[in-house]
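Visitor: The sequence isn't on hand, but the structure is:
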């Protein structure tokens, strides 16, 4: 006789949230390709078939996790007064990026490591959010160059260099978890400042 689709006392909403949380960890730690839906169901504590009550398939689950992260980042990004002070805007952007990606380190890792597993259609939608975020940074660089406070020979190149630099923060933190967050942020702010003055 078949058991219940989910544990007694849990709502569909609770189960859906548990599936997302478990998938986020498993995909990030083991890799998307290595995780089966049966393994995910076992981790959540439901039957394999119950997973499909909450997601169309594994690909949709991966896409949804990445989309949730990027939508959350876009909503959390503070309004930056680029026109008044490009320097202050750049500092705020760096601080935001480091803090947000630290608070969502697992989702950040998933996006960086498993975006290759997306279908072309899903990849294009994710890329649109990534491009929009990059455009914020590029807008700061352009204003700073116009104001003569940033040395930016190529906006696209320098924005890519800054984001690559910032993306390494969480990787470094894995082995330096006791490093003071505020001090780390200041160090990266100074590194970005040096890039823009060179």
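Guide: Perfect, thanks for sending it. Quick caveat: nothing in here was measured; it's all calculated off a predicted structure.

Visitor: which residue sits closest to residue 105 in space, ignoring its chain neighbours?
Guide: Excluding the flanking residues, the one nearest residue 105 by C-beta to C-beta, 6 or more residues apart in numbering is residue 170, at 5.0 Å. For every residue, glycine as well, the C-beta is placed using N, CA and C.

Visitor: didn't the one you found look like it was pressed against residue 106?
Guide: No: under the criterion of C-beta atoms under 8 Å, residue 170 is not in contact with residue 106, lying 9.6 Å apart.

Visitor: any residues touching the helix or strand where the residue nearest to residue 105 lies, and which ones?
Guide: Using DSSP states H and E, residue 170 falls within helix 169-173. By C-beta atoms under 8 Å, 6 or more residues apart in numbering, the residues outside helix 169-173 that reach it are 98, 101, 102, 105, 108, 109, 179, 184, 188.

Visitor: Return the item of these having minimum pLDDT.
Guide: Note: of these, the lowest pLDDT belongs to residue 179, at 88.

Visitor: any idea of the pLDDT on the nearest residue to that residue once chain neighbours are set aside?
Guide: Nearest non-adjacent residue to residue 179, counting by C-beta to C-beta, 6+ apart: residue 173, 6.9 Å away. pLDDT, residue 173: 85.

Visitor: what about residue 173, neighbour count?
Guide: Residues near residue 173, counting by other C-beta atoms under 10 Å, number 17.

Visitor: And residue 95, by the same measure?
Guide: 16.

Visitor: Okay, buried residues for the lowest-mean-pLDDT helix or strand in the chain please.
Guide: Least confident helix or strand, the chain: helix 169-173 with a mean of 86, by mean pLDDT, DSSP states H and E. Within helix 169-173, the residues that qualify as buried are 169, 170, 173, counting by 16 or more other C-beta atoms under 10 Å.

Visitor: same deal with stretch 138-158?
Guide: By neighbour count on 16+ other C-beta under 10 Å, the buried set for stretch 138-158 is 138, 139, 140, 141, 142, 143, 144, 145, 150, 152, 155, 158.

Visitor: ok, now stretch 80-99?
Guide: Neighbour-count burial for stretch 80-99, with 16+ other C-beta under 10 Å as criterion, is recorded at 80, 82, 85-86, 89-98.

Visitor: Now do residue 158 against residue 95, distance only.
Guide: Residue 158 sits 18 Å away from residue 95, going by C-beta to C-beta, to the nearest Å.

Visitor: just residue 75 next, same as before
Guide: 17 Å.

Visitor: and if you look at residue 65?
Guide: Distance from residue 65 to residue 95, counting by C-beta to C-beta: 25 Å.

Visitor: Tell me who's in contact with residue 155.
Guide: 138, 141, 142, 145.

Visitor: Out of those, which sit inside helices?
Guide: Using DSSP state H, 138, 141, 142, 145 are the members of these that sit in helices.

Visitor: No further queries at this time; thank you.
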